[in-house]
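sequence isn't available, so here's the structure alone:
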Ligand SMILES: C[S@@+](CC[C@H](N)C(=O)[O-])C[C@H]1O[C@@H](n2cnc3c(N)ncnc32)[C@H](O)[C@@H]1O
């Protein structure tokens, strides 16, 4: 039995309000399958009845659990590879030259279970030009559940098989039962924090590099525009933004300019808009 229309609308509005994720009509099956485990945990087998009860009680914890259940946390090590090649061969060398204060701040927004910020951390560790740099990597996500996994730094064989080169597995992980645990050295390089991209970023400080990949695709135009504008305000005037392969700034925020980087692309603040960025 499919979820009732009223209950679907309740979930859709809740998720939109709390995360900006758009659940279009036709996503009933997704809501149904993601909420079934939550319903079962309360002894229910019927998602419609479960949501009707949640809508009546409005328990904040349950509402948060529903929003988290509807995030898509798909990720992998060195996802799409090319952005990490650009990071290693172009972005880090350029910043190593210009940052005389020898410190760098990198933000992985919507980091999911940690594969992306740890891939960034491994790339930084392998960059001899940054040997004497103080590099901060802040990794944020809406979902406390994925952040807890990132903080734990423990991954299954299946997870490490997705994009992690064997040489890096051997170097940075140890076997723990059936799983692999990230080394304390790499673990300490990444600071995980909860942050909803709808909320202000100003307390986060400023960044030289922002990874915000494969999250804008879930939002509507107005939300994408607002987020891209606010990301500009926390990015160094000569900083770098990485988006997912299916994402772009064109038509959303033309103060960002696409710059080809090898087989991928990154985004920079347009020259003429750089002086307007508070830094
Ligand atoms: C598909 S994953 C992308 C992970 C990683 N950036 C990558 O490209 O592999 C999308 C992530 O965005 C997070 N997310 C969704 N809405 C968000 C919001 N409003 N604020 C912060 N994170 C959000 C989800 O929890 C999920 O972990």
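The structure has been received and is ready for your questions. These numbers come from a predicted model, not from an experiment.

under the pLDDT cut-off, which ranges of the chain? List them.
Applying pLDDT under 70 to the chain flags residues 1, 276-279.

so where do the helices sit in it?
Secondary structure of the chain (DSSP state H): helices at 5-19, 28-41, 47-57, 60-69, 82-86, 92-98, 115-125, 144-152, 157-160, 166-172, 184-187, 221-233.

and of those helices, who's closest to residue 197?
Counting by C-beta to C-beta, residue 197 lies closest to helix 221-233 out of these; the figure is 5.5 Å. The C-beta positions use only the backbone N, C-alpha and C, and glycine is treated the same way.

I'd like to check the angle between the closest one and helix 5-19, please.
20 degrees (axes from the mean of the first three to the mean of the last three C-alpha atoms, to 10 degrees).

okay if I get the helices of the chain as TSV plus mean neighbour count and distance to the ligand?
Below are the helices of the chain laid out as TSV (neighbours: other C-beta atoms under 10 Å; distance: least, C-beta to the nearest ligand atom, whole Å):
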stretch	mean neighbour count	distance to the ligand
helix 5-19	17	4
helix 28-41	16	12
helix 47-57	17	20
helix 60-69	16	7
helix 82-86	20	9
helix 92-98	16	19
helix 115-125	23	5
helix 144-152	17	5
helix 157-160	14	12
helix 166-172	14	17
helix 184-187	14	17
helix 221-233	17	8
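
work out the gap between stretch 146-161 and the centre of the chain.
15 Å (C-alpha atoms, centre = their mean, to the nearest Å).

do stretch 265-279 as well
22 Å.

name the surrounding residues that touch that stretch.
Outside of stretch 265-279, the residues within contact range by C-beta atoms under 8 Å, 6 or more residues apart in numbering are 83, 86, 91, 206, 232-233, 235-243, 249, 254-259.

and that stretch, which residues are buried?
Under the neighbour-count criterion of 16 or more other C-beta atoms under 10 Å, stretch 265-279 has 265, 266, 267, 268, 269, 273, 274, 277 buried.
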